[in-house]
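*Asks:* Compute the structure for the input listed below.
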Amino acid sequence: MHGNEPCGADAIRQLAEDFRSGDLTPAGGTVFLIHANPEATAQGRRHTRGGADLNRLWDFSFVDELRESAWGYEHHRVLDLKETLGNFDAFLDLHSATAPTPPFGVSNGESPIDEIAKRIGISYLVQSWYGLADKVIIGFLKLSGVPALSVECGAHDDPEISRKAYEIAKSFLRATGAIEGGVDLADNEVRTVHVVERITKPSNQFGFGSAWKGFQELEPGALVGRDRVTEIRVSRRCYAVLPNERVDVGDDVIYLAVDAE
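*Replies:* Sure thing, here's the model as predicted:
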């Protein structure tokens, strides 16, 4: 999905080799391994030069709002992928993060994806994501009734990130009954949370109050970050999710999540 997060592409290459060699065999049906954004991967960028974030285009609003001559690679790619997706029994989307983070999943809520998510080796499960549900791929798949899960496997620079993504993907295939191999992680404890706030970067001078890590707990009053005119603090205990102060002004710099009740 994002070219600066190659762990997913590495994982599907390894899975493809496992299927070719016979180390893995489909238990039934067909397993699709899709490299969503090969051009961005080749460029080593989140999205291609002059393009757009592929995982913010799934409401397809650009079709009516942006003239076709202004479309980038990702605009055309999302329309191609739209024709492929929608008839799957289950779907997994692999990512990595800028800051260190425990592996966590984001569910689209279609049964039985939440139960599947608890068997693949993640630590947290996000069941709702404020402000993004209609723009991301799992939100699009929800409209088609496809159980879908996006997983952040860890940090970009984690030397084990590709292995972690591969193990998560293989466990997902096992949990969905697509293969007989993999590791059974049914007893893994998973904490369920909701993302309740997204904070955008107000200026180039904005910086975090601390070097936040993924799912680090923030106490009431904790300083999220500040610039010369703005200071942002949290009003209740929450978790820092996907902190990244290196984004462009106006982009999401951090999300805040709370435990599900």
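
*Asks:* Give the closest residue to residue 71 in space, chain neighbours not counted.
*Replies:* If the residues on either side of it in the chain are set aside, residue 71 comes closest to residue 62, at 7.1 Å by C-beta to C-beta, 6 or more residues apart in numbering. Bear in mind the C-beta positions are built from the backbone N, C-alpha and C, glycine included.

*Asks:* Quick one, grab the pLDDT at that neighbour.
*Replies:* Looking at residue 62, its pLDDT stands at 97.

*Asks:* same deal with residue 131?
*Replies:* 69.

*Asks:* CA atoms of the lowest-mean-pLDDT helix or strand in the chain as PDB?
*Replies:* The helix or strand with the lowest mean pLDDT-type score in the chain, counting by mean pLDDT, DSSP states H and E, is strand 124-129 (a mean of 90). The C-alpha trace of strand 124-129 is given here as PDB (Å, rounded to 0.1, in the frame of the first residue of the first chain):
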ATOM      1  CA  TYR A 124      -4.000  -4.400  20.100                       C
ATOM      2  CA  LEU A 125      -7.100  -4.400  18.000                       C
ATOM      3  CA  VAL A 126      -8.600  -1.000  16.900                       C
ATOM      4  CA  GLN A 127     -12.300  -1.500  16.200                       C
ATOM      5  CA  SER A 128     -13.100   2.000  15.000                       C
ATOM      6  CA  TRP A 129     -10.900   4.800  13.600                       C
END
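
*Asks:* which outside residues touch that strand?
*Replies:* Defining contact as C-beta atoms under 8 Å, 6 or more residues apart in numbering, one finds that strand 124-129 is touched by 102, 104-107, 109, 114, 117-118, 136, 190-195, 215, 239, 241, 255, 257, 260.

*Asks:* The residue nearest to residue 71: neighbour count?
*Replies:* When neighbours are defined as other C-beta atoms under 10 Å, residue 62 has 19 of them.

*Asks:* likewise residue 80?
*Replies:* Residues near residue 80, counting by other C-beta under 10 Å, number 9.

*Asks:* Check residue 246 too.
*Replies:* Neighbour count for residue 246, taken as other C-beta under 10 Å: 9.
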